[in-house]
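Undergrad: fold the following, please.
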Amino acid sequence: MAEPAGPFHLLQAGPGRYLCYCRPGPGPGATVYVTDALEVWAGELGVRPPLGCRCRPEEHGMKLREALGRGAASLSLGEGKATLQPRDEAQCSALDLFKLPVAEARSQLQALLFGMAGRVKSLERHLEAVVETLASSCSPEKNAVWSQQLFLPDPSPRRNRSAGSALSAKRRIPGESLINPGFKSKRAPSGVDFEDS
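TA: Next up is the predicted model:
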């Protein structure tokens, strides 16, 4: 059994959630599967549109795929049958799905599970490779300085004061110079006289 090709879409039907995915079929179309992890429904996409449909088979499948991609598809369940169709579209775009026998449904779920596990493993490897590439793209000196900066406190006292650190603020003594703190002015500030007399 081939792994599911995806992409994967989540659907809501009543109180239940369903997973929809496609797998290439033996012919020109694809097989659409919908499952709730207990039962599986399947239908052929792009083979022939339903009776009374005026669109071409490839348009029929394209409309349904676009609706799934936008999250605008609805699923309705019946006795042994399900219907997948875009919301706000004519019945022309509906796809009938039929419930698979238990043995075939079990093998489809098994293929789905191991196919998804393979994809997860592949994505993990890809993520590790990207992280290693990013880490090695920096020079060793920059890497060492950057990693040390993560753990050392900021030595700049000016930043600490402006950041409103938890240290208590030093009170200004009357007569102390504002420009050069710690030194007292020798004369009283005189200010500017704006009035000409």
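
Undergrad: what is the mean pLDDT for the longest strand anywhere in the chain?
TA: The longest strand of the chain (DSSP state E) is strand 16-24. Averaged over strand 16-24, pLDDT sits at 85.

Undergrad: cool, stretch 105-116 as well?
TA: 89.

Undergrad: please enumerate the strands of the chain.
TA: 9-13, 16-24, 30-35, 40-45, 73-77, 81-86, 95-99.

Undergrad: make CSV from the ones you listed and add mean neighbour count and distance to residue 136 to it.
TA: Placement of C-beta: from N, CA and C, glycine included. Below are the strands of the chain laid out as CSV (neighbours: other CB atoms under 10 Å; distance: least, CB to CB, whole Å):
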stretch, mean neighbour count, distance to residue 136
strand 9-13, 15, 37
strand 16-24, 17, 36
strand 30-35, 21, 41
strand 40-45, 21, 44
strand 73-77, 17, 44
strand 81-86, 20, 47
strand 95-99, 18, 48
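
Undergrad: export those as TSV, with columns for distance to residue 175.
TA: Below are the strands of the chain laid out as TSV (distance: least, CB to CB, whole Å):
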stretch	distance to residue 175
strand 9-13	73
strand 16-24	75
strand 30-35	83
strand 40-45	87
strand 73-77	79
strand 81-86	81
strand 95-99	88
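
Undergrad: which one of these lies nearest to residue 111?
TA: Residue 111 lies closest to strand 16-24 among the strands of the chain, at 8.3 Å (CB to CB).

Undergrad: so for residue 125, which of the strands of the chain sits nearest?
TA: Among the strands of the chain, strand 16-24 comes nearest to residue 125, with 22.1 Å by CB to CB.

Undergrad: parallel or antiparallel, list what pairs with that closest one.
TA: strand 9-13 (antiparallel), strand 30-35 (antiparallel) (DSSP bridges).

Undergrad: show me where this protein dips below the pLDDT cut-off.
TA: Applying pLDDT under 70 to the chain flags the ranges 1-5, 25-28, 46-58, 89-93, 138-170, 185-189, 196-197.

Undergrad: which one, of the strands paired with strand 16-24, ends up nearest to residue 109?
TA: Among the strands paired with strand 16-24, strand 30-35 sits nearest to residue 109 (CB to CB), with 6.6 Å.

Undergrad: out of the strands of the chain, flag the one nearest residue 119.
TA: With CB to CB as the criterion, residue 119 lies closest to strand 16-24 of those, at 11.3 Å.

Undergrad: so who does residue 36 touch?
TA: Applying CB atoms under 8 Å, 6 or more residues apart in numbering, we find residue 36 in contact with 16, 17, 18, 19.

Undergrad: how about it, phi and psi?
TA: Per-residue torsions, residue 36: phi -110, psi 20 (degrees, to the nearest 10).

Undergrad: many thanks, I have nothing further to ask.
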